[in-house]
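[1] have a look at this prediction, sequence included:
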Amino acid sequence: MRTGLEKTGVLMAALILVSTFALPFIVVKPNRILQGQGRSLIEALPSGSGMALTAAFIIAALCLVVRLPSPARLAITIAALLAAVLALGGAAHAGLPPGNAYARVSPGSGFWLLLFSLSLAAVDVIAKLRLAPASRLLLLAIASAAIGGIFASGILSDISVMKEYANRADAFWAEMSRHAMLALGSMLVAFCIGLPLGVVCHRISLLRAAALNTLNILQTIPSIALFGLLILPLGWVAANVPGASAIGISGIGTAPAFVALVLYSLLPVVANTVAGLENVPREANDAARGAGMTDLQRLVSIEFPLTFPSLLAAIRIVLIQNIGMATIAALIGGGGMGVFVFQGLGQSAMDLVLLGALPTVAMSFVAAIVLDALVDFSTTPGTEARSA
Amino acid sequence: MSLLRVLPRLFLFVLLVGFLASPESFDFAFKPLVQTNAPAIYNQGDLATLTLLHVRMVLFATLLATVIAVTLAVLVTRPFGAEFLPLARTVVNIGQTFPPVAVLALAVPAMGFGNGPTLVALFLYALLPIFENTMTALTTVPQNVTDTAKGSGMTPFQIFRQVELPLSLPMIVGGIKISTVIGFGTATIGSTVAAKTLGEVIIAGLQSNNLAFILQGALLVAALAILVFDLLSMLERSLMKWKAA
C-alpha cells in the first residue's frame, strides 16, 4: 500500500472542519415556527464534552487525509457518524430550557454538513471495497437496524423533528404505509398492463412507435397537473359505473394519484420490455424454434428469462420515480408523506417538512440499494443457469 | 421526410405562441370544462409572463448546472482528479434517487419561500444527468484516437480541445436535454413554495376546482417541454452527423 495523501479525504476533511467550526451544530428556537439561534458544537455540549468531541472530529478528519487501509477508514467514519448522532441527541437535551414545552432544538447546518461529509466518506470507502451484491444487502440491513435502534433508544427524542413525530406517530405510520402502497401498487398494475403491451409492441413495429411516442409525451405532463386532470374522468367513473365508488374510486383522493402513477410508470416498463426482448440473441430464438417450441413457450421459457435484467432495471426506475411522485399526491388529498411536507410548508413549520421529506429520501435510498444489488445478481454470470 | 417530422412541431409552436398572445380567443375550447360562472381562462395573472418566467428559471438553472457539471466532469476525468472518479460515480448514482419534492422541501428551511429554493432544486437536479453524460462521454473516447493525437505531438490541452470535447459534445447535449425536460416538470412543483412559474395556474385550478386552469397549465408545460426536447434532439443529431464527418 502506497503512503501519502488521499485526495478525496482532503475534500471531506475540509468539509468536516468547516462544519465543526464555522457552522451552527444546533439551532435553539423559542417555538416550532420562529427562527432560532445557532450554537456551534463547542457551545452546544456541556462541560468540556463539546471540546472533546470537536477534537475527536479533527482527529477523524486527519485520519481521512492519510492513506489508510479501507476497513480502518470505514471504522473511523462509522465511529464519527455515531458520535455525531449521539452529540446531536446530547446537545438537544442540554439546549432545551427546563420546563419549557414550546422550545425546540433543530439540527443546524453544521450537523447536516457533518452528516453529509461523513456519509460521503463512508460511501467512498464502500465503493472502493467493491462489495458483492449479497454483502451490500447485508450492510444495508445492518445500517437500517442501527438507525432503527438509534431512533428506538430515544437518544434523539429531544430533537424537533422527533417531537413533531411524537405528536402524530399514528398518522406518520398510516401515511407511510399509504405512500408505500401507492408506490408499490401502482408499479404492480403498471407491470400488469405494460408487460403485455411491451410484448405486443415488440412484435408489431408500427404499434411500437405510436405507443412509445404517446407514453413519452405523457411523461412531459407535470405530475401536479396529471393528478388534477384525472379528477374529472375518475369522478365521472365513480358516478356512472356501478360498483366503482364501492371499491374506493372517486374524483379526489387516492384513486387519481394511483392512476397517474400507473400512467407515469408505463413508459419505463414498456420501453424496457421492448429493449430487453430486442436484445434476446437471435440464435436463442432460432434454437427454440428448431426444438419445436410454440411462440408462447418461447416467450415464457426463453425470452422472459433473458429479458429479466432489463425488467429489473425498469422496476428500479419506476419504484424510485413513484416514491418521489407519491409525495405530490397529498396536494389532491391522496395521502402519503407529502401530507406532512405540504402541511409543514403551509404552517412554515420546517421540522414538519423534514418529517415528511427525510423518510421519503430514505425509502428511495433503500429501494435503490436493494434493486441495484438485485440487478447485479441477475447479471452475474452463472445465475442465468440456475434461473433457467 | 424531415418536413413531415418538423411540421407537427411547427404547428405546436404556432399554437403555443397564438395561445399566449391571445388566450381569450381559445375561450371556446375550455368553456365546456368549467361550471357556468367560472372563468375558463386563467385570470389571476398574465399567462405569457408566467410562461416566460417559467422558461427563464429552467434555462438559468440548466445553464448554470451545465457549466458546473461539465467543469467537474472534465476535472474528474483528468489524471490529477482520477481519484475522485469512483466517488463521483457513486454520488451521481445516489443523488439521482433523491425525489425532486424532497430537494425542494429541504431547500426551503435554508432559503425561505419564493424562487430561491426552486432554483436550487432545479440546479441540483440538472447537475446529475449532465455530469453523468459528460463523464461517460469523456471516459469512452476511444483510446486509439487519443493515442494518435498524442503521437502527432498534441499537448494534453490540445487533445482535450480538439479531440475529446468535440467527440463528447452529442452526449453532453443529451444530458442537457434530460435535465431540461425534468426541469420543466420540477419548476411546476416549485409553485407550492411560492415560485413564480406555470405551476401557479395548475395550483389555482386545484384550489378552485377549475379543470380549465389545470389543463391550461398542464398543456403549456407539456408543450414547452416537447418543443425544447425536440430542439435539443435536433442539435444532438446534427452534432452526431458533424462528429461522424
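    Great, that's in hand.
[2] starting at the chain centroid, how far to the helix or strand where A:Leu17 lies?
    Using DSSP states H and E, A:Leu17 falls within helix A:7-21. The chain centre lies 26 Å from the centre of helix A:7-21; the measure is CA atoms, centre = their mean, to the nearest Å.
[3] residues in contact with the very next helix or strand once past that helix?
    Sequence-wise, the next helix or strand downstream of helix A:7-21 (DSSP H and E) is strand A:26-29. If you take CB atoms under 8 Å, 6 or more residues apart in numbering or on different chains as the criterion, strand A:26-29 is touched by A:35-39, A:44, A:88, A:91-92, A:95-96, A:103-108, A:111, A:160. C-beta coordinates here come from the backbone N, C-alpha and C atoms, glycine included.
[4] just the buried positions in stretch A:26-39, please.
    A:26-29, A:32, A:36, A:38-39 (16 or more other CB atoms under 10 Å in any protein chain shown).
[5] swap that for stretch B:206-216, please
    B:206, B:210-216.
[6] which residue, other than its chain neighbours, is closest to A:Ser245?
    Computed as CB to CB, 6 or more residues apart in numbering or on different chains, the closest residue to A:Ser245 that is not its neighbour in sequence is A:Ala238, at 4.4 Å.
[7] ok, now A:Asp158?
    A:Ala92 (3.8 Å).
[8] so the one you found makes contact with A:Val105?
    Yes - counting by CB atoms under 8 Å, A:Val105 is a contact partner of A:Ala92 at 4.1 Å.
[9] and for these two, which residues touch both?
    A:26, A:158-160.
[10] low-confidence stretches in the chain?
    Since you didn't name a chain, this refers to chain A. Low-confidence segments of chain A (pLDDT under 70): A:1-4, A:246, A:248-251, A:380-388.
[11] if you could check chain B rather than the one you did, that'd help
    Using pLDDT under 70, chain B drops low at B:1-3, B:36, B:245.
[12] thinking again about what came up before, quick one: which of the contacts of strand A:26-29 sit in strands?
    A:37-39, A:104-107 (DSSP state E).
[13] of these, just say which sits nearest to chain B.
    In terms of CB to the nearest CB, no member of the ones in strands among the contacts of strand A:26-29 lies closer to chain B than A:Ser106, at 8.3 Å.
[14] so how far is A:Glu164 from the closest one?
    Plainly put, A:Ser106 is 10 Å away from A:Glu164 if you go by CB to CB, to the nearest Å.
[15] so what's residue 208 up against?
    If you meant another chain, say so; for now it's chain A. Per CB under 8 Å, 6+ apart, neighbours of A:Arg208: A:201-202, A:274.
[16] right idea, wrong chain: chain B
    Going by CB under 8 Å, 6+ apart, B:Ser208 touches B:Ala38.
[17] could you pull up phi and psi at it?
    phi -100, psi 10 (degrees, to the nearest 10).
[18] that one and chain A, how far apart?
    11 Å (CB to the nearest CB, to the nearest Å).
[19] quickly note the distance from that residue to A:Leu131.
    53 Å.
[20] the helix or strand harbouring B:Val92 close to chain A?
    Assigned by DSSP H and E, B:Val92 belongs to helix B:85-95. Yes - using CB under 8 Å from any CB of the partner chain, helix B:85-95 comes into contact with chain A via B:86-87, B:89-91, B:93-94.
[21] now list the buried members of those residues.
    For those, buried by 16+ other CB under 10 Å: B:86-87, B:89-91, B:93-94.
[22] can you pull the contacts of the residue sitting nearest the centre point of chain A?
    Residue closest to the average C-alpha location in chain A (CA atoms, centre = their mean): A:Ser364, at 1.3 Å. By CB under 8 Å, 6+ apart, the residues touching A:Ser364 are A:320, A:323-324, B:97-99.
[23] could I get the full set of helices for chain B?
    B:2-21, B:27-30, B:47-77, B:85-95, B:100-111, B:115-139, B:143-151, B:156-159, B:165-189, B:199-207, B:211-244 (DSSP state H).
[24] other SSEs contacting the third one?
    The elements that helix B:47-77 packs onto, with contact taken as 3 or more CB pairs under 8 Å, 6 or more residues apart in numbering or on different chains; DSSP states H and E, are helix B:2-21, helix B:85-95, helix B:115-139, helix B:165-189, helix B:199-207, helix B:211-244.
[25] packing partners of the shortest one?
    If I follow you right, that is helix B:199-207. Applying 3+ CB pairs under 8 Å, 6+ apart, one finds that helix B:199-207 makes contact with helix A:223-229, helix B:47-77, helix B:165-189, helix B:211-244.
[26] circling back: right, and the residue nearest to A:Ser245 touches A:Ala244 too?
    Yes - under the criterion of CB under 8 Å, A:Ala238 makes contact with A:Ala244 at 5.2 Å.
[27] could you measure from the residue positioned nearest the centre of chain B over to B:Leu235?
    Nearest to the mean C-alpha position of chain B, by CA atoms, centre = their mean, lies B:Thr180 at 0.7 Å. Separation of B:Thr180 from B:Leu235 (CB to CB): 12 Å.
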